[in-house]
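In: sequence and predicted structure below; questions after.
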Amino acid sequence: MAETLLQVKDLIKEYEGNRILDGVNLEIEQGQVVVVVGPSGCGKSTLLRCINALEPIQGGQVILEGKTVGKDNLEELRQKIGMVFQSYDLFPHLSVLDNITIAPIKVQKRKKEEVQAEARELLKRVGLEDKANSYPRQLSGGQKQRVAIVRALCMHPEILLFDEVTAALDPEMVREVLDVMLDLAKQGRTMIIVTHEMQFAKAVADKVVFIDQGKILEEAAPEEFFINPKTERAKQFLNVFQFD
């Protein structure tokens, strides 16, 4: 049986008196790809931000490798959890190579030559080896998102979080980013993916988590969730999408 890497226990997140996450419980195993789906505004992205301690929580725990995430171990946590955002968040004044290598060099105190060599190898793997010296303004949306993924990988995280990373992309650019994520899944990377791309979710997930109104309503293997959802709410949600 695979080792549990991350646990979310009874997580509560409130914002201005509104409960965004209401007692969420979730376990992620080493090497598992978990896809989180649900209607807009249900709390999916907030869950990722709470896991990565980008949002304070009002109740419950996030436990990574047996350690409860708190103020005293945030720096350690941030190095073990990589997050890729919808908006890329690349530094416009830095080259692609510098965007990728700045954190491993400054935060992890790794050797510049070693980090740059790894960054170039990762860029080659995602088809961007010729863009190392380019600046974000010279890249397409899909290329920026692939750079953001490489930047996260270069920190050697234990787990990768993807927050609707294709939502801001033109349709023809979506495929190139999803292909990179599929490749990461094949490599055995541990990932939590928030997405509206249901066909992709069906193809990549080991487990699908369906959230609505801040609660997990279903948790199942993709073949079970997409073919035979248990709750009426999940059936309503899936009826919007066409599946082969």
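Out: Perfect, I can see it now. Numbers count the residues shown, from 1 in each chain.

In: how about the helix or strand bottoming out on mean pLDDT in the chain: buried residues?
Out: Least confident element among the helices and strands of the chain, by mean pLDDT, DSSP states H and E: helix 74-80 (a mean of 82). Of all the residues in helix 74-80, those buried under the rule 16 or more other C-beta atoms under 10 Å are 77-80. All C-beta spots, glycine's among them, are computed from the backbone N, C-alpha and C.

In: alpha carbons of the longest helix along the chain, as CSV, please.
Out: Counting residues, the longest helix in the chain under DSSP state H turns out to be helix 171-186. Extracted as CSV, the C-alpha positions of helix 171-186 are listed here (Å, rounded to 0.1, in the frame of the first residue of the first chain):
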residue,chain,number,x,y,z
PRO,A,171,-7.8,26.5,-26.8
GLU,A,172,-4.9,25.6,-29.1
MET,A,173,-2.5,26.2,-26.2
VAL,A,174,-4.3,24.1,-23.7
ARG,A,175,-3.1,20.8,-25.2
GLU,A,176,0.6,21.6,-24.9
VAL,A,177,0.2,22.3,-21.2
LEU,A,178,-2.0,19.2,-20.5
ASP,A,179,0.6,17.0,-22.3
VAL,A,180,3.3,18.1,-19.9
MET,A,181,1.0,17.3,-17.0
LEU,A,182,0.2,13.9,-18.4
ASP,A,183,3.9,13.2,-18.7
LEU,A,184,4.5,14.2,-15.1
ALA,A,185,1.7,11.8,-14.1
LYS,A,186,3.4,9.0,-16.0
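
In: closest one of the buried residues of helix 74-80 to Gln58?
Out: Nearest to Gln58 out of the buried residues of helix 74-80 is Leu77 (C-beta to C-beta; 18.7 Å).

In: contact partners of the least confident helix or strand of the chain?
Out: Here helix 74-80 makes contact (C-beta atoms under 8 Å, 6 or more residues apart in numbering) with 52-53, 64-65, 69, 107-108, 155-159.

In: can you put these in a markdown table and add pLDDT and neighbour count?
Out: Supplementary listing: the contacts of helix 74-80 in a markdown table, determined by pLDDT from 0 to 100; neighbours: other C-beta atoms under 10 Å:
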| residue | pLDDT | neighbour count |
| --- | --- | --- |
| Asn52 | 90 | 21 |
| Ala53 | 88 | 18 |
| Leu64 | 91 | 20 |
| Glu65 | 89 | 15 |
| Val69 | 85 | 22 |
| Val107 | 89 | 12 |
| Gln108 | 90 | 12 |
| Met155 | 93 | 19 |
| His156 | 93 | 13 |
| Pro157 | 93 | 18 |
| Glu158 | 93 | 16 |
| Ile159 | 95 | 22 |
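
In: what's the closest of the residues you listed to Gln138?
Out: Met155 (24.0 Å).

In: which SS class is that closest one?
Out: Classification of Met155 using DSSP: H, G, I helix; E, B strand; the rest coil returns coil.

In: hang on, the earlier thing: among the contacts of helix 74-80, which lie within strands?
Out: Residues of these located in strands (DSSP state E): 64, 159.

In: now the strands for this protein?
Out: Using DSSP E, strands in the chain cover 4-15, 18-29, 33-37, 59-64, 67-68, 81-84, 159-163, 191-194, 207-212, 215-220.

In: what about the protein, any weak spots by pLDDT?
Out: Along the chain, the parts satisfying pLDDT under 70 run over 1, 242-244.

In: please pick out the residue of it most distant from its centre.
Out: Here the centre of the chain is the reference, and by C-alpha atoms, centre = their mean the most remote residue is Glu113, at 27.9 Å.
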